[in-house]
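Undergrad: Just the structure for this:
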Amino acid sequence: MRFKLDEHFDPRLAALVAEGGHDVETLVREGLGGADDDTVYDACRREERTLVTLDLDFSNPLRFPPDVTEGIVVGQALHR
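TA: Numbers count the residues shown, from 1 in each chain. Just a heads-up that it's a prediction; the model follows:
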């Protein structure tokens, strides 16, 4: 699978995902750190990548329809 990791994730996660045999890119590595949500969404669609993010804005299917993407995974941050 092809993934794009949002800037919320530790950059070392990309290496772990790649070790699993996946094609992974990060927003930070691509110079998209701090980009607005629409820019991130459009980049994922254009590159045919599944977005992995903690940004709850992406859980709104009316604003970011997942059916025209490779997928959107919205996780929840764990607090200790």
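Undergrad: Report the beta-bridge partners for the residue nearest the centre of the chain.
TA: What sits nearest the mean C-alpha location of the chain, by Cα atoms, centre = their mean, is L51, with 2.8 Å. With DSSP bridges as the criterion, L51 is bridged to K4, I72.
Undergrad: what's it in contact with, if anything?
TA: For L51, the contact set (Cβ atoms under 8 Å, 6 or more residues apart in numbering) comprises F3, K4, D6, V40, Y41, C44, F58, T69, G71, I72, V73. Heads up, the C-betas are built off the backbone N, CA and C, glycines and all.
Undergrad: Excluding covalently adjacent residues, which one is nearest to the first one?
TA: I take that to be F3. Nearest in space to F3, with sequence neighbours left out and distances taken as Cβ to Cβ, 6 or more residues apart in numbering, is V24 at 4.6 Å.
Undergrad: And the last one, by the same measure?
TA: Setting aside the residues directly before and after it, V73 is nearest to V52 in space (Cβ to Cβ, 6+ apart), at 4.7 Å.
Undergrad: hmm, who's touching the lengthiest helix in the chain?
TA: Using DSSP state H to assign secondary structure, the helix with the most residues in the chain is helix 37-47. The contact list for helix 37-47 (Cβ under 8 Å, 6+ apart) reads 2, 4, 6, 25, 27, 30, 32, 35, 49-51, 53, 55, 57-58, 63-64, 68-70, 72.
Undergrad: in the protein, which spans are strands?
TA: 2-5, 23-26, 50-53, 72-74 (DSSP state E).
Undergrad: pLDDT weak spots in the protein?
TA: 79-80 (pLDDT under 70).
Undergrad: Would you mind checking the contacts of helix 37-47 for buried ones?
TA: 4, 6, 25, 27, 32, 49-51, 53, 55, 58, 64, 69-70, 72 (16 or more other Cβ atoms under 10 Å).
Undergrad: Sweet, I'm off.
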